[in-house]
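Visitor: coords below, sequence missing:
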Ligand code: G6P
C-alpha cells in the first residue's frame, strides 16, 4: 500500500526520492508524487499510474540538494488520479504532507479546519489544512502535528514539509497503520515506510513507535513520545543486505519466486532440522526470550493469527500445533480477532504469521494480545518489521525479498516455521515422542526434492492451465490439511487471473456450492494421500455425477482418480502431514499459468497491495 520517502541533506534530493519510491513499488500503488522544497516554496509533481509516469516529468530537471518528500498512493478515498495523488498541500501552499493510512473523521475535520477549497477527494488533504491552520495560529510545527494526530481518528503515518523551515521534515505515527523508519547517514537524514527504501544509503535506523513524532534535520533526529517527552533510543543497525532483486531469466517475479521454493525450503530447514540426529532444535532462537521452558510448560492454548495467504499458513499450522505440539489451537483471521473481544490470558501463546510484519490487522491483533499479556511469537520475513518489535520472539523466514504481490515462497517458509515450532514445543512439553520427531525431521528433509519434482513437471500444469484458462468460475475443494490448500489455490487464482474462485472444505460442498456445479465451473480437488482420501474420492464422484469437470491433485502411484477426473496432476509421495507443500506449489503454477494465458499484469494485479496498512 502507500509508500513514503523523505530526505533532508546535502545530496540531490529528487533521485533519492524516486529511487526510494521505486524500492517501495512492491507494496502496490496506483499513483505517485513528490514535493521538493525550492527556496521558500514547495514544488509538487504528481502523476497517476506507474512511477515511470512521475519520473518522466523530471527527465530534464537539474537535481539539487535539499529537502523533499515522496509518496506512492494506493487509493482508498477518491480515484487514482493525479489530483488525488500525494503530496497534498493547504491552499496557501505553506504545508505539504504525505500520508499512509486512513483519517476516519476526515469529513468532520474538513468542516472544522478548512483553510480554503479542497482540491482532492482524499481523506488526507485535510491534514495539510489543519497543520497550516494551527501554524497560522502561532503553534510550533511539532505541536501543530501533535494536535493534528490527537484530532484525527484512525491509524496512519505522516511526513510533513513546512516551506518556512526548509531544512526540516516532520515524521509522525498514529496507531499501527504502516511503519516509519528514520535513517541516519553522513550526507543527511532519511525517512521511509520501510528499510528497503533506504538500505542503499544507510544501515543506521530508528523505528518510530505509534504516537511518536520525529523532527529530522540534515544532521540530527529528535524523537518525541506521545506525551511530548524527548525519547532517547539506541539506533538499530541493519545487518541484512538489500537483495538486489531482479527477475533473472523469468518473465515475472511470481514465476521466479515459485521456482525459488526448493532453495527456500532448504534454508527453512537449515539450522532447525538436524538430519544427522533426526532432531529438531530451535533452542538458540528461543534462548533469552520471554518464552522460557517454564512458560512453555504453562501454555494452555495457542492462537494463530494472520491475513490472506499467511492465514492459510496458520490453518496448516493449527494441525501441527495440535498434533505435534499437543496444544489446543485456534486460527483467527486477524481482522476479526480484534473486534470480537477474545478471551486471552498470559498462558495463551499467540503466533502471528506475516511475511511483511506490517499488516495492519495482524499488528492490531498483536496489540490486543500484548494487552492481555500473552506470550507472542511472530513468523516474519522482514527483519526489523513492526511485528518483530511487538513479539517476544521472532522466527525469521529468510526467504529473501518477495516482490510479486501474490505470496508464494513465504507461504512455504511460514508453514515450515510452524512445523518446526510445533515439533519444538511438543518436545519441550514432553508430549512428542522422539520417534515422531525423527519421522517428521526425516520427512521434512525430503521436501526440497519433492518441490523440485513438482517444478520439473510445470509443463503439465501449464497445459492444464491452457485448457481451463477461459473458465470464469472455479471451485477448489479439500479436506483436513487439503482444506487450507484449497483456500490458497482459490485465492492465488483470483488474485492473479481475476477469475471467480471459491475455496471450500469438501465436506461443506453439499451445503451450497454443489448448486453451482456444471461443465462451465471446473473443480480443483486436493486428493493426495492421507486420512481423507476416500472421502475426496466420493466428493469427486458427486461432482462428476452432476456434469462438473474435475482437476484432481493426486499422489504418484494412486490410480483411483484416473477414470474419474478430467485431469490428474500427479505429485510426489510425501508424508501426508507435509502434503500441503507440493500441493500448494502445483496450485501456484496453475494460477500463474492461467494468468499468463490471459496476458495479465501478474506481479502487480489490479487493486491489490503487497503490504496492507489500512483496515
Ligand atoms: C496482502 C498480500 C497477500 C498477503 C497478505 C498478508 O493481501 O497481497 O499476499 O498474504 O497481505 O500479508 P502479510 O505480510 O501479513 O503476510
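Guide: Received, thanks. Computed from a predicted structure; not experimentally measured.

Visitor: And the strands in the stretch 301-450 of the chain, which stretches?
Guide: 301-306, 329-333, 348-354, 375-380, 393-396 (DSSP state E, counting those that start in this stretch).

Visitor: List just the one of these that sits closest to residue 441.
Guide: Nearest to residue 441 among the strands of the stretch 301-450 of the chain is strand 393-396 (17.0 Å), distances taken as C-beta to C-beta. (C-beta placed from N, C-alpha, C; glycine too.)

Visitor: Run through the residues of the stretch 301-450 of the chain sitting next to the ligand.
Guide: 307-310, 354-356, 359, 362, 405-407 (C-beta under 6 Å from any ligand atom).

Visitor: Could you do the chain as well?
Guide: Proximity of the chain to the ligand, by C-beta under 6 Å from any ligand atom, involves residues 307-310, 354-356, 359, 362, 405-407, 608, 610, 612.

Visitor: May I ask which two of those residues are separated the most?
Guide: Longest span within the residues of the chain next to the ligand, C-beta to C-beta: 362 and 406, 17.8 Å.

Visitor: ok, these two, which is more surrounded?
Guide: Per other C-beta atoms under 10 Å, whichever of residue 362 and residue 406 has more neighbours is residue 362, with 32 against 28.

Visitor: check contacts around the more buried one.
Guide: 305-307, 310, 334, 352-354, 387 (C-beta atoms under 8 Å, 6 or more residues apart in numbering).

Visitor: Same question for residue 544.
Guide: By C-beta under 8 Å, 6+ apart, residue 544 lies in contact with 550, 564.

Visitor: do the same with the one 10 residues further on
Guide: For residue 554, the contacting residues are 527-528, 560-561, 565, 568-571, taking C-beta under 8 Å, 6+ apart as the criterion.

Visitor: Tell me what it is bridged to.
Guide: Beta-bridge partners for residue 554, by DSSP bridges, are residue 570.

Visitor: And it, how close does it get to the ligand?
Guide: As judged by C-beta to the nearest ligand atom, to the nearest Å, residue 554 and the ligand stand 27 Å apart.

Visitor: how close does that residue get to residue 116?
Guide: Per C-beta to C-beta, to the nearest Å, residue 554 is found 66 Å from residue 116.

Visitor: Give me the neighbour count for the residue of the stretch 451-600 of the chain at minimum distance from the ligand.
Guide: Nearest to the ligand, among the residues of the stretch 451-600 of the chain, is residue 495, at 7.0 Å (C-beta to the nearest ligand atom). Look at residue 495: counted by other C-beta under 10 Å, it has 23 neighbours.

Visitor: Is it in a helix, a strand, or coil?
Guide: Secondary structure, DSSP: H, G, I helix; E, B strand; the rest coil: residue 495 is helix.

Visitor: that older thread, in helices, which of the residues of the chain next to the ligand fall?
Guide: Applying DSSP state H to the residues of the chain next to the ligand, the entries found in helices are 308-310, 362.

Visitor: Which strand or helix spans residue 68?
Guide: Here residue 68, judged by DSSP states H and E, is contained in strand 65-73.

Visitor: what pairs with that strand, and is each one parallel or antiparallel?
Guide: Strand 65-73 has its sheet partners listed here by DSSP bridges as strand 3-12 (antiparallel), strand 31-38 (antiparallel).

Visitor: Mind putting the ones you listed into JSON lines with mean neighbour count?
Guide: Listed next are the strands paired with strand 65-73 as JSON lines, based on neighbours: other C-beta atoms under 10 Å:
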{"stretch": "strand 3-12", "mean neighbour count": "24"}
{"stretch": "strand 31-38", "mean neighbour count": "26"}
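
Visitor: ranges for the helices of the stretch 51-200 of the chain?
Guide: Remark: helices assigned in the stretch 51-200 of the chain by DSSP state H, counting those that start in this stretch are 51-55, 106-113, 125-136, 141-151.

Visitor: and residue 549, which of the ones you listed is closest to it?
Guide: When the helices of the stretch 51-200 of the chain are compared by C-beta to C-beta, helix 51-55 sits nearest residue 549, at 41.7 Å.

Visitor: Next, the distance between the ends of stretch 294-312.
Guide: Start and end residues of stretch 294-312 are separated by 30 Å (C-alpha to C-alpha, to the nearest Å).

Visitor: repeat for stretch 337-347
Guide: First-to-last residue span, stretch 337-347, C-alpha to C-alpha: 18 Å.

Visitor: what does stretch 293-307 give?
Guide: With C-alpha to C-alpha as the measure, stretch 293-307 spans 29 Å from end to end.

Visitor: swap in stretch 53-72?
Guide: Stretch 53-72 has an end-to-end distance of 12 Å (C-alpha to C-alpha).

Visitor: buried ones in that stretch?
Guide: Within stretch 53-72, the residues that qualify as buried are 54-55, 58, 65-72, counting by 16 or more other C-beta atoms under 10 Å.

Visitor: what's the farthest-apart pair in those?
Guide: With C-beta to C-beta as the measure, no two of those lie farther apart than 65 and 72, at 23.2 Å.

Visitor: check contacts around residue 103.
Guide: 109, 123-124, 126-127, 152-154, 156.

Visitor: Residue 601: neighbour count?
Guide: Neighbours around residue 601, by other C-beta under 10 Å: 11.

Visitor: Residue 235 versus that one, what's the distance?
Guide: Remark: distance between residue 601 and residue 235 (C-beta to C-beta) = 38 Å.

Visitor: can you check residue 97 too?
Guide: According to C-beta to C-beta, residue 97 and residue 235 sit 26 Å apart.

Visitor: When the two are compared, which one has more neighbours?
Guide: Shown here are residue 97 and residue 235; by other C-beta under 10 Å, residue 97 has more neighbours (31 against 15).

Visitor: My guess is that one contacts residue 156. True?
Guide: No. Under the criterion of C-beta atoms under 8 Å, residue 97 makes no contact with residue 156, lying 10.4 Å away.

Visitor: Just list whatever residues bridge to residue 154.
Guide: Applying DSSP bridges, one finds that residue 154 bridges with residue 103.

Visitor: Need the strands paired with strand 65-73 in CSV (columns: distance to residue 93 and mean pLDDT).
Guide: Shown next, in CSV, are the strands paired with strand 65-73 (distance: least, C-beta to C-beta, whole Å; pLDDT from 0 to 100):
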stretch, distance to residue 93, mean pLDDT
strand 3-12, 18, 96
strand 31-38, 10, 95
